[in-house]
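1. Got a sequence here, can you model it:
(chains A and B)
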Protein chains: 2
Amino acid sequence: MRTLIRDLLAAELPAESIEAAGWVRTRRDSKAFSFLEINDGSCLGNLQVIVDQGTPGSEALHKMSTGASVSVVGRQVESLGGKQKWEIQASSVRLLGEAPDDFPLQKKGHTPEFLRSISHLRPRTNLYGAMFRVRSRMSYAVHRFFAERKFHYIHTPIITASDCEGAGEMFRVTTLDPTSGKKQAFENDFFEKAAHLTVSGQLEGETFACALGNIYTFGPTFRAENSHTSRHAAEFWMIEPEMAFCDLTGDMDLAEEMVKYLVTEALENQDGDLSIFERFVDKGLRARLEAVVSNPFERVSYTEAVSILQKSGKKFDYPVEYGHNLQSEHERWLTEEHFKKPLTVYNYPKEIKPFYMRLNDDDKTVTAMDLLVPGIGEIVGGSQREERLDVLLANMERHGLSTEEYDWYIDTRKYGTVPHAGFGMGFERLLMFVTGMHNIRDVIPFSRTPGSCEF
Amino acid sequence: MRTLIRDLLAAELPAESIEAAGWVRTRRDSKAFSFLEINDGSCLGNLQVIVDQGTPGSEALHKMSTGASVSVVGRQVESLGGKQKWEIQASSVRLLGEAPDDFPLQKKGHTPEFLRSISHLRPRTNLYGAMFRVRSRMSYAVHRFFAERKFHYIHTPIITASDCEGAGEMFRVTTLDPTSGKKQAFENDFFEKAAHLTVSGQLEGETFACALGNIYTFGPTFRAENSHTSRHAAEFWMIEPEMAFCDLTGDMDLAEEMVKYLVTEALENQDGDLSIFERFVDKGLRARLEAVVSNPFERVSYTEAVSILQKSGKKFDYPVEYGHNLQSEHERWLTEEHFKKPLTVYNYPKEIKPFYMRLNDDDKTVTAMDLLVPGIGEIVGGSQREERLDVLLANMERHGLSTEEYDWYIDTRKYGTVPHAGFGMGFERLLMFVTGMHNIRDVIPFSRTPGSCEF
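-> I've put the predicted structure just below:
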């Protein structure tokens, strides 16, 4: 039974006999013995193995090159001068699988573009191994955050016949062949109607919040937008909590609490994984994250934000005008330059926001909120929802939405309606924030973008 | 700030002033006061609220009918004769939202079919509220199980250009319009090639196991099969662990450990939710689950299983013949009648299993394994994977698979190949097992089946 290298390196006391396995990162040979550095993916650190000449299995040492897989049995001894506390004095070593000379990860210093082209191998590098361990750990932290608060996790549907927000290009899901050249009808499709991949689980999530109280979703979400930026992917994961008996303030409270919780998790529990991002990706990473955890967040209304921006004297590419959405450059200036801390902007003009957001008493703004963080901009967007049936119906008419198609959603306002609120957080956006990685393609195991659906 | 009814009912000591909110399940009026039973979805139990005539807000009592939403402030007092330990003596009560007389959940005793047609409202019933709380809790238990064992959670892609197993009907994902009547080409599609919804994350998961060691996936999976049974859905959630440096025995060990862990979770931590399934769905539920936890599981080879079935004298609809897959009736007879406990069948004939399973030394069987449980049949299917490059390539040729399309998968055997193994567990299958629910449509928030994609 192998011991994980992570556990082995963290042991208090040495084991007399221990088994480990992994992939060779480097090998150095001397006359009398060889050093193998092996990594098993359980942590960033490598295990150093000393193999004396004549050790059983050592006749295959010359094949234990970078990328080869090996297993080793030996004695755990204190490492003298090594980077780790422990190393292994091998009593036997075994080659499991060779890595021929064309193994693409021989040398260091590959470009992110090249590594994306070998997305099936890049988690064998230090940086991407760390990236996907962080992704795993942050996923679990998301679930733990909500479990501790007694939220129910709801699997909202991926295939949907409705289109949340009426916005966002959608992918079709079909069993019809679009290349057939024949005139086909959706009545003959699998679902006997047009179906799409979800752009948000919010509307379905709201129906569950209006039954179970506090719920969240965490699942894949899709946009068929022809965007070729470093921030857009066709498939990404989204976290969407929804709380019954909750208003905008409670919503902002939860969003801030969640960001702090997740950043704290990143700082405290990554077993050294964060260090590699600080070293190779973003020198100021830890300081930036620590500032987020230790400072109170700011809150300003959209109206105040526009006023601050207009008075700033700063030249923006897009002019700042009341009634228009804030651009990324505006958001980043506010959080990075002006407030120098995370910031929630709330109460946006109703004209620029979706139909489901609650109208304020001023009849001009809705209870929208965006949480902005330095280095990223918007990381959370949410709102209190319009719970008043008559106002919701008026909004839907104004937005040209069919009340027939959304009759099930309207039912939540018709039968025992309650104030409720929620938000969405793009999980990849969060990961870019906590690792400093610049491109969304590098925080997803296998990214899907226009023209690219490999593996 | 409201207190969850779950916390309120479980309190050790009463609170002088407490706020709660929820939906009215029933109201009984007498001259001097009314009893409101309210539920907020946090647990199965209702909170009883006593509202005296003249209490602020009580003038709206007549509107607080079944399905209406209310909030209440009051004193927590010991319940005399009630089902719960605590009740609330209201100091004020507030109607949040009425429920008109056409609220569909007025009376009890609706059919599952009717409740499916109002999937957005059914979590407001006792049974489905419990169902989706159990689903949430079991999801978290899955993540906790793997986190405790230091497995990394990997989000394998939902949209894929490959077709794991070469089996299973797939949905297309496209931005082309199949009803256009025009001859279109996949080169002009979003991904510039044909793309589908994944039927399994296994192959991508294997590439990550061959880098990070122990990984798992837990996400939505799709089958475009025109099945109208109570066990098939077009969209369902699957759990797929994959372990490097692991063989068939280790794989069976993990599967059994996981089933026991999750059943234990269902038994111990459902806050009374399980009781409603035992009462209304499956009288023997708890006994069946307890038997699973307390007995060691059985293991027999496929060859032994066939022999036992053939000697049984039992008349099956499908004859039992070596070289054919076991039918559900065979599996259920083995686990329910013969062994009377969970059972893993392993080493199946290579002809009936996919290309990626490891060939045994007999050259006849592969290291497949299916874990069968009473009441359900197969709940887990897995295998040790073929790690030998030459054998894998021969298998692929035999199965008519393109080595070009799967070059990335083959790379895992070409560069530092390792013995590895994994399995898949259908999450809905597990939920049906732990709740006794008979139809997969009733354990998914919004089910997708042929001709049905509502909400």
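
2. only C-alpha atoms for contact and neighbour calcs from this point on.
-> Will do.

3. Tell me how many other residues surround A:L343.
-> 24 (other Cα atoms under 10 Å in any protein chain shown).

4. which helices and strands sit right next to the helix ranked longest in chain A?
-> In chain A, with assignment by DSSP state H, the single longest helix is helix A:126-148. For helix A:126-148, the packing partners by 3 or more Cα pairs under 8 Å, 6 or more residues apart in numbering or on different chains; DSSP states H and E come out as helix A:248-268, helix A:273-280, helix B:126-148, strand B:152-153.

5. Same list (those) but as CSV, adding mean neighbour count, distance to A:E225 and mean pLDDT.
-> Below are the helices and strands packed on helix A:126-148 laid out as CSV (neighbours: other Cα atoms under 10 Å in any protein chain shown; distance: least, Cα to Cα, whole Å; pLDDT from 0 to 100):
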stretch, mean neighbour count, distance to A:E225, mean pLDDT
helix A:248-268, 19, 27, 97
helix A:273-280, 18, 30, 94
helix B:126-148, 21, 31, 98
strand B:152-153, 28, 27, 98
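
6. coming back round to it: other residues contacting the longest helix of chain A?
-> A:41, A:43-44, A:122-123, A:152, A:216, A:258, A:261-262, A:265-266, A:270, A:273-274, A:276-277, A:431, A:435, A:443-445, B:140, B:143, B:147, B:152-154, B:211-212 (Cα atoms under 8 Å, 6 or more residues apart in numbering or on different chains).

7. next one: stretch A:356-371
-> Contacts of stretch A:356-371 (Cα under 8 Å, 6+ apart): A:165, A:248, A:252, A:255-256, A:342-350, A:353, A:377-387, A:391-392, A:395.

8. How about stretch A:285-302?
-> The contact list for stretch A:285-302 (Cα under 8 Å, 6+ apart) reads A:256, A:260, A:263-264, A:267, A:277-278, A:339, A:341-348, A:374, A:434-436.

9. A:S91 is in contact with A:P56, correct?
-> Yes - the pair A:P56 / A:S91 is scored as a contact, 7.1 Å apart, by Cα atoms under 8 Å.

10. Neighbour count for these two, which is higher?
-> Of the pair A:P56 and A:S91, A:S91 is the one with more neighbours under other Cα under 10 Å, namely 19 against 14.

11. Could you look up the SS state of the more buried one?
-> Put simply, A:S91 is strand when judged by DSSP: H, G, I helix; E, B strand; the rest coil.

12. you'd agree it is up against A:S58?
-> No - with contact defined as Cα under 8 Å, A:S91 does not count as touching A:S58 (9.9 Å).

13. Quick check: neighbours shared by these two?
-> A:V51.

14. give me every residue that touches A:V173.
-> A:I159, A:A194, A:A195, A:H196, A:L197, B:F171, B:R172, B:V173, B:T174.

15. ok, the second one touching A:F171?
-> By that I understand A:A194. No - using Cα under 8 Å, A:A194 makes no contact with A:F171, being 10.6 Å away.

16. more crowded one of these two?
-> Set A:A194 next to A:F171 and count neighbours by other Cα under 10 Å: A:F171 wins out with 23 against 19.

17. Is the more buried one in contact with A:R223, as I believe?
-> Yes - taking Cα under 8 Å as the definition, A:F171 is a contact partner of A:R223 at 7.0 Å.

18. quick one: A:S402 from A:F355, how far?
-> According to Cα to Cα, to the nearest Å, A:S402 and A:F355 sit 12 Å apart.

19. Would you mind grabbing the residues shared as contacts by these two?
-> With Cα under 8 Å, 6+ apart, A:S402 and A:F355 have common neighbours A:M396.

20. The two: which has the busier surroundings?
-> Ranked by neighbour count (other Cα under 10 Å), A:S402 and A:F355 place A:F355 first, with 26 against 11.

21. Surely the more buried one is within a strand?
-> No - counting by three-state DSSP, A:F355 is located in no strand; its state is coil.

22. how about the nearest residue to it once chain neighbours are set aside, secondary structure?
-> Leaving out its chain neighbours, the residue that sits closest to A:F355 by Cα to Cα, 6 or more residues apart in numbering or on different chains is A:N395, at 5.3 Å. Three-state call for A:N395 (three-state DSSP): helix.

23. State the number of residues packed around A:N395.
-> Burial measure for A:N395: 20 neighbouring residues, criterion other Cα under 10 Å.

24. okay, it: pLDDT?
-> pLDDT, A:N395: 93.
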